[in-house]
Structures are given as structure tokens and as C-alpha cells.
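With the input below, show me the fold.
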Amino acid sequence: MQRRTRSLAAAGIIGTLLAGSAVGPAAAAPVVRGQGPAATSDRTSPTEARRVDRVPTPRLDWYPCYDYAECATARLPLDYDEPRGATTEVALLRVKARDQQNRVGSLFVNPGGPGGSGTSIALAAPYFFGDDVLDRFDVVGVDPRGVANSEQVRCFATVGDQTRAYAGLNVAFPITKAEEKAYVASSKAVGKGCSTTGRPLSGAMSTAEVARDMDVLRRAVGDRKLSYLGFSYGSVLGQYYANMFPDRVRALVIDGVLDPYTWLGKGKARDLLQEDRMRSAEGAYRALSEIFVRCDAAGPAACPIAGDAADTYELVAQRLRAEPVVIEDPDLGSFTVGYADFVAATMSMLYDPYGYQQVAVLTAELLVLTDPAAAAPARDR
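Below you'll find the predicted structure:
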């Protein structure tokens, strides 16, 4: 492997490559107009209403956290068919409206995943919401049952068992046959652990149960109807809630809308891999290709890989596929960047409005780091 000392401009590479996200399948299907079973009512069904309305409204003991927020926990039914049976603890965080006298209510938020932290995105509310929202709404994030600050699902009896199960998943995605074999074996081991040791919580983490949690918590924060913003998979959660509790929605905003039947593999899509069903890889490729086109049009003054942006990106990818580069970081030590890391970082950047800049800078830096002879001309661009 090539070893390179980190340059000042390369400082951001490590943070970018360390950032990642994971997705997994949802566990129950909502009723969606136009596909699958037809919606028959614009009111919450008596059965669904009984499931959630029999649950006593939790008393939320809010306490200050993170300087400007409040945190709380609630114990909710593990199984809503047994509302007074076993429970699981769910974590909440809210950033209160700045103008409490003219407060509209609460805005529940979910970042996606599934399994993304709702408390984390709520904590970030002051950095991405405008004054109109921050002034009039308490922004409330809920960590879905089983993850983050909520009671976590425990799929293994010991840390050793967990470490062995995850051993093959230490790459962004497999490249070699050996990596693929290890990746599949570890995926099966994790699935087995969560479906056995992880129970009963792992068997009660469906999207439908999370939607029920949100309805009870809506009541707990004092809102008659739900206001909700969901990103990515959070759009599925929003669709579930709207179909399960149609007369309890005040306002629903879902970003990056997913077709929940395609997500689950229903109908004709049931035999396809999720990537083929969702066509997310195709969308990412089109976005990346457009970045290269606009980079070339902008020129080297605006984009460090302008001229042959697509070819430069491909060159870096092939270099890393042939031989990963090791970046020496003064804080983290040696950090290996391979082909899979480069692709995964690119995918992560495409979630950001300024991802086009990040892709260009990352590619330019790795062009230098994978070939010292290119350092001088690359820095002159």
C-alpha cells in the first residue's frame, strides 16, 4: 500500500470517509392510494384507534440537555396488541419554539435510515430550519424503538459474539470474492443474532409500531393532530402514519418520497434486490454525472478537476481499486482509503446540497495522494 502524509487540504477526507449511513428493510406495509389495497376510509380505523388509545398518555419529565434543548424518555408498549403488557423505553428531544406565546404546536422530525436518530436531527434544528419554523414550533425528535438513545436492541449475548459476527462487515462494500463471502456470512450471522437473541424487541420494531409510538407521543406533547417532517425512509414512516391515522394529521411533509410497496418488494418487485426496486443507484449515478458535466463547464477556477472530471474520477477510482492509499493522520494515526471507501464517501456527499464541491475536492486530493508525481500540477489548478 502507498503511504502518504496527510496534506492540509486532505484534512477533510478522513471526516468524510468516516461518515456513513445504513439502510434496511421496513417491516410492515401501509395502505397507499393507487397501489396495493385501496384506502377505504379517511378516518382512523376502530381497531387501530383501540390499539393506541388504550395506552395511557405518558408523562414526559423534560430536563435540560445540550444547552438549548430538552430531553425525556417514555415507556411505550412493546406490542400494541397488549397495551398494558411489556414495555420499551423511547427517547425524545425537543427544541422549544422561540415564540411560545404564538406557538403553533410540535413538529416531529425523522431523518430516515431506518434507524436514524430523531433526537440528533431535532438537535440540529437551529442549523437547517428557518425562523418561521423555529419561532412557532417545538421541534421534536424521537429515536425509533431499538436504536440510538432509545432502549437498544441487543442481538448478541456478549461483545465477543458481536465482534465475530460483524467481522466481515468492516468494508463499505465487498470488492473481492473473499470479501463478498465474508460479507454474506456476517450478514447472515447478524440477521440470525437479531432474530434470536434480539427478541422480543427486534420482533417489535416494525414501521407500524414506530408510527403507533409517534401517535401516543403526539398526545403526550399535547398536540391534537400531528405535524411531521420526514426525510428519506422517514417519508415511509410519514406515509404509514397518514394511512394508519388519517384523521390525526395536521400537516405532513415528506422529502425524498419512497414508494413503500417498492421498498418492501411487494407485487412484481418482490423478486428484485432493493437497489433494483428503488433505482437509487441509478439516481446517484445521474447526479454524479451531472456534477462532472457542470464541473467541466465551470472550469478549473471553480472546480479543481475541471477539464476531464469524469475521467479524473474514474482514474482515482481505478488507482484505489489497484492499491489503497494510507493517510497518516496526527490524531487518528494511519487511515486506509480504498476504492469502496471512495465510492461510499461519494454517495454520502450526494446527500448534501454542497456535495458537488466535496466530490470535486475529494477527487482532486486523492488524485495527488495516489500519485506524488501529480502533486505539482494538481496544486496549480
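
And the residue most central in space within the chain, how far from G230?
Among the residues of the chain, G113 comes closest to the average C-alpha position under C-alpha atoms, centre = their mean, at 3.3 Å. G113 sits 11 Å away from G230, taking C-beta to C-beta, to the nearest Å as the criterion. For every residue, glycine as well, the C-beta is placed using N, CA and C.

Same check on R103?
With distances taken as C-beta to C-beta, R103 is found 21 Å from G230.

neighbour count winner among these two?
Between R103 and G230, G230 has the larger neighbour count (other C-beta atoms under 10 Å), namely 26 against 14.

Backbone dihedrals for the more buried one, both of them.
In this entry, G230 is assigned phi and psi values of phi -130, psi 140 (degrees, to the nearest 10).

leaving aside the residues next to it on the chain, what's closest to the residue nearest to the centre of the chain?
Using C-beta to C-beta, 6 or more residues apart in numbering and skipping residues adjacent in sequence, the residue nearest G113 is Y233, 5.2 Å away.

Can you report how many residues lie near A373?
A373 has 8 neighbours, counted by other C-beta under 10 Å.

And the pLDDT for it?
pLDDT recorded at A373 is 73.

same check, this time on A19
48.

ok, which stretches of the stretch 151-300 of the chain are strands?
Per DSSP state E, counting those that start in this stretch, the stretch 151-300 of the chain carries strands over the ranges 226-231, 249-255.

Can you say which of those strands is packed in most?
Stretch with highest mean neighbour count among the strands of the stretch 151-300 of the chain: strand 226-231 (a mean of 23; mean count of other C-beta atoms under 10 Å).

elements contacting that one?
Contact analysis of strand 226-231 by 3 or more C-beta pairs under 8 Å, 6 or more residues apart in numbering; DSSP states H and E lists strand 105-110, helix 207-220, helix 233-244, strand 249-255 as its packing neighbours.

Show me how far that strand is from its chain's centre.
Its chain's average C-alpha position is 15 Å from that of strand 226-231, according to C-alpha atoms, centre = their mean, to the nearest Å.

In PDB, list the C-alpha atoms belonging to it.
Presented in PDB, the C-alpha positions along strand 226-231 are these (Å, rounded to 0.1, in the frame of the first residue of the first chain):
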ATOM      1  CA  LEU A 226     -49.600  15.600  14.100                       C
ATOM      2  CA  SER A 227     -47.200  17.900  12.300                       C
ATOM      3  CA  TYR A 228     -44.400  15.900  10.700                       C
ATOM      4  CA  LEU A 229     -41.300  16.200   8.500                       C
ATOM      5  CA  GLY A 230     -39.600  13.000   7.300                       C
ATOM      6  CA  PHE A 231     -36.500  12.600   5.100                       C
END
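
Report whether the expected contact of A287 with L350 is present.
Yes: counting by C-beta atoms under 8 Å, A287 touches L350, with 5.5 Å between them.

How many residues are close by R199?
A total of 12 residues lie near R199 under the criterion other C-beta under 10 Å.

meant to ask about L367, not that
Every residue meeting other C-beta under 10 Å relative to L367 is counted, giving 21.

Repeat that for the one 4 residues further on.
Summarising burial for D371: neighbours were counted as other C-beta under 10 Å, giving 16.

Quickly note the distance from the closest residue to it other than its chain neighbours to Y313.
Ranked by C-beta to C-beta, 6+ apart and with sequence neighbours excluded, the top spatial neighbour of D371 is R319, at 7.0 Å. Between R319 and Y313 the computed distance is 11 Å (C-beta to C-beta).

circling back to that earlier point, next, format the helices and strands packed on strand 226-231 as JSON lines and append distance to G168 and mean pLDDT.
Written out in JSON lines, the entries for those read as follows (distance: least, C-beta to C-beta, whole Å; pLDDT from 0 to 100):
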{"stretch": "strand 105-110", "distance to G168": "30", "mean pLDDT": "98"}
{"stretch": "helix 207-220", "distance to G168": "28", "mean pLDDT": "97"}
{"stretch": "helix 233-244", "distance to G168": "25", "mean pLDDT": "94"}
{"stretch": "strand 249-255", "distance to G168": "33", "mean pLDDT": "93"}
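
Most tightly packed of these?
With neighbours defined by mean count of other C-beta under 10 Å, none of the helices and strands packed on strand 226-231 is more surrounded on average than strand 105-110, at a mean of 26.

and that strand, how far from the chain's centre?
Averaging C-alpha positions (C-alpha atoms, centre = their mean) puts strand 105-110 17 Å from its chain's average.

quick one: low-confidence parts of the stretch 151-300 of the chain?
269-270 (pLDDT under 70).

quick one: the helices in it?
Assigned helices in the stretch 151-300 of the chain, in chain order: 159-166, 177-196, 207-220, 233-244, 260-264, 274-278, 280-298 (criterion: DSSP state H, counting those that start in this stretch).

what about R319 and Y313, which has more around it?
Comparing R319 with Y313 by other C-beta under 10 Å, the one with more neighbours is Y313, at 25 against 19.

Would you mind confirming that the more buried one makes contact with A364?
No: using C-beta under 8 Å as the test, Y313 is too far from A364 to be in contact (9.9 Å).

Mutual contacts of the two, please.
Common neighbours of Y313 and A364 (criterion: C-beta atoms under 8 Å, 6 or more residues apart in numbering): I305.

Alpha carbons only: can I get stretch 47-63 in PDB?
The C-alpha trace of stretch 47-63 is given here as PDB (Å, rounded to 0.1, in the frame of the first residue of the first chain):
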ATOM      1  CA  THR A  47     -59.100  -1.300  15.500                       C
ATOM      2  CA  GLU A  48     -56.100   1.000  15.200                       C
ATOM      3  CA  ALA A  49     -57.700   3.600  17.400                       C
ATOM      4  CA  ARG A  50     -58.200   1.000  20.200                       C
ATOM      5  CA  ARG A  51     -54.600  -0.100  19.900                       C
ATOM      6  CA  VAL A  52     -53.200   3.300  20.700                       C
ATOM      7  CA  ASP A  53     -56.000   5.000  22.600                       C
ATOM      8  CA  ARG A  54     -55.900   2.300  25.300                       C
ATOM      9  CA  VAL A  55     -52.300   3.300  26.100                       C
ATOM     10  CA  PRO A  56     -52.200   5.900  28.900                       C
ATOM     11  CA  THR A  57     -50.700   9.200  27.900                       C
ATOM     12  CA  PRO A  58     -47.100   9.100  29.100                       C
ATOM     13  CA  ARG A  59     -46.000  11.900  31.400                       C
ATOM     14  CA  LEU A  60     -42.800  13.400  29.900                       C
ATOM     15  CA  ASP A  61     -40.400  14.600  32.500                       C
ATOM     16  CA  TRP A  62     -38.400  17.000  30.300                       C
ATOM     17  CA  TYR A  63     -34.900  18.000  31.600                       C
END
